[in-house]
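S.K.: Just to be clear, the model below is a prediction. Sequence and coordinates:
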Amino acid sequence: MVGLCDCNNFFASCERVFRPDLDGKPVVVLSNNDGCIIARSNEAKALGIKMGTPLFQAKEVIEKNNVDVFSSNYQLYGDMSNRVISILKETVPAIEVYSIDEAFLNLEGLPLEGLQQKGRDLSARIKKDTGIPVSIGMAPTKTLAKIASKLCKQYPKLQGCCLMYRPQDIEKVLRKFPVGDVWGIGRKYRKKLELMGVHTAWDFSSLPRSEVSRMMSVTGVKTWLELHGEPCIEFAEVPQDRQTICVSRSFAHDMTDLAQLDAAVATFTAKVAEKLRAQSMKAYFLHVFILTNRHRDEKPQDYSIRTTGFEVATNSTIEMTDAAAAALRAIYKKGFGYKRAGVMVTDLVDSDKVQGVFFDTVDHEKQDRLMKVIDSINSVNGRSTVRIASNGEMDQFSTRAHVSKRYTTRWDELMEVVV
Amino acid sequence: MEEDKIALINAGFPSPAEDFMDVALDLNKVLVHNPASTFFARVRGLSMIDDGVDDGDLLIIDKSAEPYDGCLAVCFVDGEFTLKKYKAMGDYALLMPANKDFQPIRVDENNQFAIWGIVKYLIKKM
C-alpha cells in the first residue's frame, strides 16, 4: 500500500493557524508580488474564486464578501511544512516528500487491518500538533492514493483518511472521478480524451492498453496500469533533479537604474546558486534576462537575454555573480523601464561528476569550501546573513502588501498574546 | 626514527578528559519536548502579573498538550487571543486572571472559544 498525505489548502491553512478568527471564513493567498491567487480556503472556493486568478480580476468578489487576502509568506509555510513532515517521518517507515504540501508514505508490509484507523490517528495528530488539516489517501498505487486523498477532502465523514483497495470500491470511485484530475494526465491529454468520449478515470482505465500506448506513450501506460492497481511509479522515481533552475521576479516599479538591476540580478543569482548547492548540482550555462513592461505600449519595449558558459561547471555564488553582472551590462539599455528580470541555469550535472580542465584559472575546491561555510552560516542565522556585496534582500524587489508575520522563524515577529 | 619523534610531538599530550567527553547542554532539549507542536509567543499586558507572568516574557507553548485544571492556557475567545488560568466548570469554563484589577472571563457554548495551546515554560529576562 502507498499513502499520500496532502495538506488541505495549505497556505491558507498556515495563515489560519495564527488567525483562528478566520476559521470558517474565506481566505486567499497571493503569489509573489501579489499577482495571482494561489491558495484558497474552502469558503473562498465556494465563492467561485478560481486558482490562478489575477488579484485585480477578483477584486469585486473579494470586497463584496470580505475575503481576507494574504501575500505569500514562504518562511512561515516552509516551517509549517517541516513540522508536518517531521511527524510523518516519525510515524511512517519511509516517506517521499513530493512538494511543500504533499508527501507519499511507504506503507509496505503494514497489515491492512487497522490501517485506515492509523491514518485517521495520524491525520488527527498532525491537526492537533500543528493546526494544519491534512487528507491521507491510501491505495495500492501512488496514482490511486492521490485520488483517495482527494476523495478524503470531499467527504469530512472519512475523518482525514481514505483507504481504497477493493476492486469494487476503486471502480465506484473511478466512475465519478474526472479524467483530467488524474495525476499524470494533464490538460493536454484531457482535451484529447474528452473528445474521444473519455470523461472519467474509469473510462480511461477501460481503454485498451494498446490505444493508450499509441496515444500517450510510456507515461500514459504507467498511469493506466496504476489505475488498474499495478504500481509503476517507484518510490522517489519521480524526477527530482531538475534540468534547469530559474529565479525571476517582477518588480513593484519599473527599474531604469543599472545599479538597482544589478542588485536584483545578484540576489537572484545567489538564490539559484544556493538551490544548485542544495541539490548537489553544478551548471555549465547561466542565462540572465530582463524585460520591459508589456502593458505600457507607449514606452519603448525590450526583451534581452544573455548566456554565459562556464568551462568547468559551477555552483559558486561568487563565480556566478561575476558572470551575471557582466551579462547584465551587455544587455542593459539606458532609458528602458524594466519590469522583470531573471537568472536561469541549464546543463546541470552532479557536483561530483564535474570534469575539470587542465588549465583551470579558478580554484574550485576553495570556492566549494567557501560556499559550504556561507550556506551553513545562513542556515543557522537566517537567509542572507552572509551575501555577496551587490546582493539586495530577496523581499525588497517584490510587493507584498498583505504579508503576515514570520511567526515561527523570526524572534522579532513572534505572535503576541495580550494577557 | 626521526619521523616518529615528529609525530609524537604533533600529537601532544593526550587530554585526560578525552574519554569522558559529553555533548554540551542544549536548552532546546529541556524546553521543547515536541518540536512539531511547539510555538513561541510574547506576553503583552498585565493581567497575570501575580502569577509572575510579566509584559515581554517569552512563552513556550505546546499546541498539542491537553488542558488540565489550572493550566496556563493560550485561549482564543471571541476573536482574540488571551492568556489565562483555565478552570473547567462543567458546562462552562472560567478564565482566571492573576491581577486583582481584572475579572474572570466566563465562557460557554455562546462564545467562540478554543484553547490554542498550553504554556509549558516561561522565559523572562532578569
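M.R.: Cool, the structure landed. Numbers count the residues shown, from 1 in each chain, chains lettered A, B, ... in the order given.
S.K.: Tabulate the CA atom coordinates of the longest helix along chain A in CSV.
M.R.: When chain A is parsed with DSSP state H, its longest helix is helix A:258-278. The C-alpha trace of helix A:258-278 is given here as CSV (Å, rounded to 0.1, in the frame of the first residue of the first chain):
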residue,chain,number,x,y,z
LEU,A,258,21.6,49.7,-13.7
ALA,A,259,22.7,49.6,-10.0
GLN,A,260,19.3,48.6,-8.9
LEU,A,261,19.0,45.9,-11.6
ASP,A,262,22.5,44.8,-10.6
ALA,A,263,21.4,44.2,-7.1
ALA,A,264,18.3,42.3,-8.2
VAL,A,265,20.2,40.1,-10.6
ALA,A,266,22.9,39.4,-8.0
THR,A,267,20.2,38.4,-5.5
PHE,A,268,18.5,36.0,-8.0
THR,A,269,21.9,34.6,-8.9
ALA,A,270,22.7,33.9,-5.2
LYS,A,271,19.3,32.2,-4.9
VAL,A,272,20.0,30.0,-7.9
ALA,A,273,23.4,29.1,-6.7
GLU,A,274,22.0,28.2,-3.3
LYS,A,275,19.4,25.9,-4.9
LEU,A,276,22.1,24.3,-7.0
ARG,A,277,24.2,23.5,-4.0
ALA,A,278,21.2,22.2,-2.1
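S.K.: Any buried residues in that helix, and which?
M.R.: A:260-277 (16 or more other C-beta atoms under 10 Å in any protein chain shown). (C-beta placed from N, C-alpha, C; glycine too.)
S.K.: For residue 94, list each beta-bridge partner.
M.R.: No chain in the question, so chain A it is. residue A:106 (DSSP bridges).
S.K.: that answer is for a different chain, and I need it for chain B
M.R.: Beta-bridge partners of residue B:94, counted by DSSP bridges, are residue B:87, residue B:106.
S.K.: now the chain, which segments are flagged as low pLDDT?
M.R.: Looking at chain A here, since you left the chain open. Applying pLDDT under 70 to chain A flags residues A:236-242, A:294-299, A:353-362, A:380-399.
S.K.: Sorry, I should have been clearer: chain B.
M.R.: For chain B, the ranges with pLDDT under 70 are B:1-14, B:18.
S.K.: which residues in it form helices?
M.R.: Ranges of helices in chain B, per DSSP H, are B:2-11, B:27-31.
S.K.: Look at the residue of the stretch 51-200 of chain A found nearest chain B and give its secondary structure.
M.R.: The stretch 51-200 of chain A approaches chain B most closely through residue A:129 (3.6 Å), counting by C-beta to the nearest C-beta. Here residue A:129 is helix, with the state taken from DSSP: H, G, I helix; E, B strand; the rest coil.
S.K.: Over to residue A:341?
M.R.: Using three-state DSSP as the criterion, the local structure at residue A:341 reads strand.
S.K.: was I right about it contacting residue A:290?
M.R.: Yes - using C-beta atoms under 8 Å, residue A:341 is in contact with residue A:290, at 4.7 Å.
S.K.: Identify the contacts common to these two.
M.R.: With contacts defined as C-beta atoms under 8 Å, 6 or more residues apart in numbering or on different chains, the residues shared by residue A:341 and residue A:290 are residue A:261.
S.K.: re the thing from before, please name every helix or strand in contact with the longest helix of chain A.
M.R.: Packing partners of helix A:258-278 (3 or more C-beta pairs under 8 Å, 6 or more residues apart in numbering or on different chains; DSSP states H and E): strand A:244-255, strand A:281-292, helix A:317-331, strand A:338-350, helix A:364-381.
S.K.: Dump these to a markdown table, plus distance to chain B and mean neighbour count.
M.R.: Output for the helices and strands packed on helix A:258-278, formatted as a markdown table (distance: least, C-beta to the nearest C-beta, whole Å; neighbours: other C-beta atoms under 10 Å in any protein chain shown):
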| stretch | distance to chain B | mean neighbour count |
| --- | --- | --- |
| strand A:244-255 | 30 | 17 |
| strand A:281-292 | 30 | 22 |
| helix A:317-331 | 30 | 19 |
| strand A:338-350 | 32 | 20 |
| helix A:364-381 | 13 | 13 |
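S.K.: Can you name the residue of chain B nearest chain A?
M.R.: Of the residues in chain B, the one nearest chain A is residue B:37, at a distance of 3.6 Å by C-beta to the nearest C-beta.
S.K.: contacting residues for that residue?
M.R.: With contact set as C-beta under 8 Å, 6+ apart, residue B:37 has these partners: A:83, A:128, A:129, A:130, B:62, B:63, B:64, B:65, B:117.
S.K.: cool, residue A:261 as well?
M.R.: A:255, A:290, A:328, A:332, A:338, A:341.
S.K.: what do you get for residue A:90?
M.R.: Contacts for residue A:90 were tallied using C-beta under 8 Å, 6+ apart; there are none.
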